[in-house]
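S.K.: coordinates for the following, if possible.
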Amino acid sequence: MLMNITDAANALQAEEKSVIQWIRKERLPAETVRGEYMINRADLLEWAIAKGLKVDPAVFRIKDDDSLKMPSLFEAVESGGVHYDVKGTDKETILKNVVDLLDMPEEIDPEFLLQVLLTREAVGTTAIGEGIAIPHVRNPILIQVPASKIALCFLENPVDFAAPDGKPVTVLFTLTSPTVKVHLHLLSSLSYALKNPKLKKVLAARADREMILDILRELDSP
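M.R.: Below is the predicted model of the structure:
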């Protein structure tokens, strides 16, 4: 799961010296192994999303367990549902209401899931700017879900998520997934899709469910 500076530079389409500067000055998470910087794939992806950088999802594909079928972004959102006018005026209330909408298996404690999501927010905001946030579990193995879901929620009121651009959040994509591999796949696919002008337009307009799903299906097409 660790990438060296060269791999990270390729992933971000940047020079190696820029990656080193980001580690030292822009809080790109890294650890030193035998005198060299090593970066966790998930940390790199989350940092890039927070910085508004466009990253090719192919970079974050993990080569092991190729037999595992990767869900498409369309399939994950269709499973998680599109929800309108989710109530709440603060981050905790919003996430609690979102957890209630996720339709998790009975064995998963919704309060535990809420606390894991809040803990992730405490580490650093999942808001990516332009009124959008992507709450998710930092370590998927903490929540043993049988299938991936992305709940798309339009908030009744804008809520402060301490976004990088200072804008309050009005749209949430809440991601739960069964494995780290699926987590990286969906998170990178979602961040890539959110750069698409058509998707951004329908999100801003709070378009109906079928229109949003049609665009996601189109974006999933080869």
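S.K.: helices and strands around the worst-scoring helix or strand of the chain on mean pLDDT, which ones?
M.R.: For the chain, using mean pLDDT, DSSP states H and E, the weakest element among its helices and strands is helix 41-50, scoring a mean of 79. Taking 3 or more Cβ pairs under 8 Å, 6 or more residues apart in numbering; DSSP states H and E as contact, the helices and strands that helix 41-50 lies on are strand 2-4, helix 5-12, helix 180-193. Where C-beta positions appear, they are placed from N, C-alpha and C, glycine not excepted.
S.K.: any idea which of the ones you listed is most buried?
M.R.: Burial of the helices and strands packed on helix 41-50 is given as mean neighbour count (mean count of other Cβ atoms under 10 Å); helix 180-193 ranks first at a mean of 22.
S.K.: which strands and helices lie in contact with that one?
M.R.: Using 3+ Cβ pairs under 8 Å, 6+ apart: helix 180-193 touches helix 41-50, helix 73-80, strand 169-176.
S.K.: just send the ones you listed back as TSV, with distance to Val123 and mean neighbour count too.
M.R.: Shown next, in TSV, are the helices and strands packed on helix 180-193 (distance: least, Cβ to Cβ, whole Å; neighbours: other Cβ atoms under 10 Å):
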stretch	distance to Val123	mean neighbour count
helix 41-50	9	22
helix 73-80	23	22
strand 169-176	15	24
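S.K.: quick one: which of these is nearest Phe112?
M.R.: Closest to Phe112 of the helices and strands packed on helix 180-193, according to Cβ to Cβ: strand 169-176, at 12.3 Å.
S.K.: how's this structure carved up into domains?
M.R.: Following automatic domain parsing, one finds the domains of the chain at 2-60, 73-220.
S.K.: looking at the longest one now, give me its mean pLDDT.
M.R.: Per-residue confidence for domain 73-220 averages out to 90 on the pLDDT scale.
S.K.: between the helices and strands packed on helix 180-193, which gets nearest to Gly129?
M.R.: helix 41-50 (8.4 Å).
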